[in-house]
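>>> only geometry, no sequence info:
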C-alpha cells in the first residue's frame, strides 16, 4: 500500500507488521482517509532510515506510534486548523470480529451486530476516550506506552481508560440499546 518490502527480513519488514494499527490510529486522529494515509507514509519515511539505529530491545510498535502522533501534532501546529470530528465511519478501520471463531451463520450475525454496537458506542465517546480505548483495547499498547505517546502520566491513562470503559458500559447497557433502536 505505502511501499513494498524487499523480502530480505530487513528492519522495514519488522516495521511493516504494524501498518494496520498505525493506519487505524491515524484515522482516529485525522478523521480523513487521505490524511491518515499521508500520516502513515510519513511515519515510515522517517522510521525506515532510523530503524538501523534502534537497539534490539527497542519497542518498535510504541516508537512508530510516537512518530505518527508527533507528525500529526506538528501538522496541527503548522496548519492551525481544527480537526473535523463528525461524520466519519470509524468502525471500518477498527478490527472486525474473527469469522474463524464463529460456528454458524447465526453466531456470525450476532457477532457482527455486537461489533456494530460497540463501534457506534465508541463513536459517541470524546476524542480523548476514543483515543485511549483504541490504543489499549485494539492496539494492545501498555499503560506506559500510551502515557509516553500521549505525554501524560500513567495514572491519567488509567483514569481515562476507566472512564471510557464506564461510558461504554453505559452506552452498551440493555436499557440504552433498547431505547436507541426505537
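Yes, it's here. On a predicted model such as this, the values are computed, not experimentally measured, just so you know.

>>> pop the domain breakdown of the protein in here.
11-79, 100-177 (automatic domain parsing).

>>> quick check: mean pLDDT across the first one?
Right, domain 11-79. Averaged across domain 11-79, pLDDT comes to 87.

>>> now that domain: how far from the chain's centre is it?
Chain-centre distance of domain 11-79: 12 Å, with Cα atoms, centre = their mean, to the nearest Å.

>>> residue nearest the centroid of the protein?
Nearest to the geometric centre of the chain sits residue 25, at 3.2 Å (Cα atoms, centre = their mean).

>>> give me the next element, helix or strand, following the helix or strand that residue falls within.
Using DSSP states H and E, residue 25 maps to helix 19-30. Using DSSP H and E, the helix or strand that follows helix 19-30 towards the C-terminus is helix 33-51.

>>> how far off helix 19-30 does that following helix point, in degrees?
For helix 33-51 against helix 19-30, the angle by axes from the mean of the first three to the mean of the last three Cα atoms, to 10 degrees is 130 degrees.

>>> can you name the element that comes right after helix 33-51?
Toward the C-terminus from helix 33-51 - assigned by DSSP H and E - lies helix 60-79.

>>> what mean pLDDT does the helix or strand that that following helix is followed by have?
Moving toward the C-terminus from helix 60-79, the next helix or strand (DSSP H and E) is helix 105-123. Mean pLDDT, computed over helix 105-123, is 79.

>>> buried set for helix 105-123?
Going by neighbour count (16 or more other Cβ atoms under 10 Å), the buried part of helix 105-123 is 111, 117, 118, 119, 121, 122. Using the backbone N, CA and C atoms, a C-beta is placed for each residue, glycine as well.
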